[in-house]
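In: Whatever this is, show me its structure:
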Amino acid sequence: MNGIYFSRAEVTSLSPHGFWLQCGEEELYLPFVEFPLFEHATIAQICRVKCVSTGRVYWPELDLDLTLEAIRNPMAYPRDSMNYDC
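Out: All right, here's what the predicted structure looks like:
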């Protein structure tokens, strides 16, 4: 099964302050203050998200690639070190 990944990512809720991302069994909150590149994105751009591998999500319209670990612990990953483009 090399190269096949069946998990799914879905935005479950949006607010003026951030959004909730369901990825597999885990639901994570991404506040815009911690993830500013989403702040001016459209709802459609935020909602079009894909799990590209175990532990990685990608927003194709924003060309934004993040690890789940960076989402879980944004303070451990300064914005400059996050891979905001794939």
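
In: For residue 51, give the beta-bridge partners.
Out: residue 57 (DSSP bridges).

In: show me what contacts it?
Out: Neighbouring residues of residue 51 by CB atoms under 8 Å, 6 or more residues apart in numbering: 5, 7, 8, 9, 23, 24, 57, 58. Placement of C-beta: from N, CA and C, glycine included.

In: what's the last one in contact with, if anything?
Out: What that stands for is residue 58. By CB under 8 Å, 6+ apart, residue 58 lies in contact with 49, 50, 51, 52, 64, 65, 66, 86.

In: What's the local residue count around the nearest residue to residue 31 once chain neighbours are set aside?
Out: Excluding the flanking residues, the one nearest residue 31 by CB to CB, 6 or more residues apart in numbering is residue 18, at 3.8 Å. Counted with other CB atoms under 10 Å, residues neighbouring residue 18 total 18.

In: Please name the residues that touch residue 18.
Out: The neighbourhood of residue 18, defined by CB under 8 Å, 6+ apart, consists of 29, 30, 31, 32, 33, 34, 35, 38.

In: What is the burial count for the closest residue to residue 44 other than its chain neighbours?
Out: Nearest non-adjacent residue to residue 44, counting by CB to CB, 6+ apart: residue 61, 7.5 Å away. Using other CB under 10 Å, the number of residues around residue 61 comes to 13.

In: what does the one 10 residues further on give?
Out: Residues within reach of residue 71, counting by other CB under 10 Å, total 20.

In: before we move on, which element is it in?
Out: Secondary structure assignment for residue 71, by DSSP states H and E: helix 68-72.

In: quick one: contacts of that helix?
Out: Helix 68-72 is contacted by residues 21, 23, 26, 28, 30, 35, 55, 56, 57, 76, 77, 82 when judged by CB under 8 Å, 6+ apart.

In: where does this structure have low pLDDT?
Out: Along the chain, the model assigns pLDDT under 70 to residues 1-6, 78-86.
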